[in-house]
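[1] sequence first, then the predicted structure:
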Amino acid sequence: MDTILDLVLEDRSRIQSVFFMIDERNIAPQLREPWVSLGSDGASMAPEGIFLEGSTHPRAYGNVARLLGKYVREDNVLTLAEAVRRLSGLPATNLGLDKPGGRGFLAEGMYADVVVFDPKTVADRATFDDAHQYSTGVRHVLVNGVPVLRDGEHTGAIPGRAVWGPGKVR
């Protein structure tokens with residue numbers, strides 16, 4: 001009998017799973033709690049190549065866009081400003097990344113991680129049946145001040161840095 005490690009080695013990747021544990025009716029009340037910061041545990045994906053050999057959870061492509069499109073624009077659960085805070089400054093503070101030379105805020109001495117999006121059109125498109133779909137409405141992305149997405153197209157730049165623990169960025 002194969003162990004999970006044998007399967008990972010054979011597939012040369014990692015085993016993914018999708019759990020259906022959250023009831024949609026519970027999300028809005030949870031989002032209204034001021035201490036809830038937001039992020040994703042989804043892997044970086046692309047609708048091409050080896051990524052298409054398996055499926056993924058739709059939020060791997062549309063986590064932030066779903067928050068901004070559905071819960072901010074459509075359902076008015078959060079204001080746009082509060083959603084941006086929950087996606088940037090709050091998690092950076094929780095992880096100790098908000099110090100000078102850190103992340104989460106647009107300020108002198110901080111890394112310039114910036115997303116320019118249209119709040120009227122940002123939306124997730126990925127579904128469980130067709131998960132490999134990019135979200136819409138994001139125009140530009142800068143990571144460490146370097147354009148990664150310009151006019152909706154990837155620039156080829158990969159300036160990201162790994163986070164190794166509270167307040168430690170490499």
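    Nice, thanks for sending it over. Numbers count the residues shown, from 1 in each chain.

[2] what's the span of stretch 45-63, first residue to last?
    12 Å (C-alpha to C-alpha, to the nearest Å).

[3] which parts of the chain are strands?
    If DSSP state E is used as the criterion, the strands of the chain fall at 114-117, 138-143, 146-150, 153-154, 163-165, 168-169.

[4] including mean neighbour count, could these go into a markdown table?
    The way it works is simple: take the backbone N, C-alpha and C, and place the C-beta from them, glycine included. Output for the strands of the chain, formatted as a markdown table (neighbours: other C-beta atoms under 10 Å):
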| stretch | mean neighbour count |
| --- | --- |
| strand 114-117 | 15 |
| strand 138-143 | 18 |
| strand 146-150 | 16 |
| strand 153-154 | 10 |
| strand 163-165 | 11 |
| strand 168-169 | 13 |
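
[5] what residues are bridge-paired with Val115?
    Val141 (DSSP bridges).

[6] from memory it sits against Val143, does it?
    No. Between Val115 and Val143 there is no contact under C-beta atoms under 8 Å: 9.5 Å.

[7] which of the strands of the chain sits closest to Leu31?
    strand 114-117 (18.6 Å; C-beta to C-beta).

[8] show me how far that closest one is from its chain's centre.
    13 Å (C-alpha atoms, centre = their mean, to the nearest Å).

[9] now that strand: mean pLDDT?
    When pLDDT is averaged along strand 114-117, the result is 96.

[10] so what secondary structure elements neighbour it?
    With contacts taken as 3 or more C-beta pairs under 8 Å, 6 or more residues apart in numbering; DSSP states H and E, strand 114-117 sits against strand 138-143.

[11] list of residues touching the strand it packs on?
    For strand 138-143, contacts defined as C-beta atoms under 8 Å, 6 or more residues apart in numbering pick out 65, 112-118, 122, 147-152, 157, 159-160.

[12] going along the chain, name the helices of this protein.
    Under the criterion DSSP state H, the chain contains helices at 4-11, 24-31, 59-66, 80-87, 89-94.

[13] may I see the ones you listed organised as TSV, with mean pLDDT and mean neighbour count added?
    Output for these, formatted as TSV (pLDDT from 0 to 100; neighbours: other C-beta atoms under 10 Å):
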stretch	mean pLDDT	mean neighbour count
helix 4-11	64	10
helix 24-31	91	11
helix 59-66	89	22
helix 80-87	97	17
helix 89-94	92	18
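
[14] just send these back as JSON lines, with distance to Gly137 too.
    Output for the helices of the chain, formatted as JSON lines (distance: least, C-beta to C-beta, whole Å):
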{"stretch": "helix 4-11", "distance to Gly137": "34"}
{"stretch": "helix 24-31", "distance to Gly137": "19"}
{"stretch": "helix 59-66", "distance to Gly137": "7"}
{"stretch": "helix 80-87", "distance to Gly137": "12"}
{"stretch": "helix 89-94", "distance to Gly137": "21"}
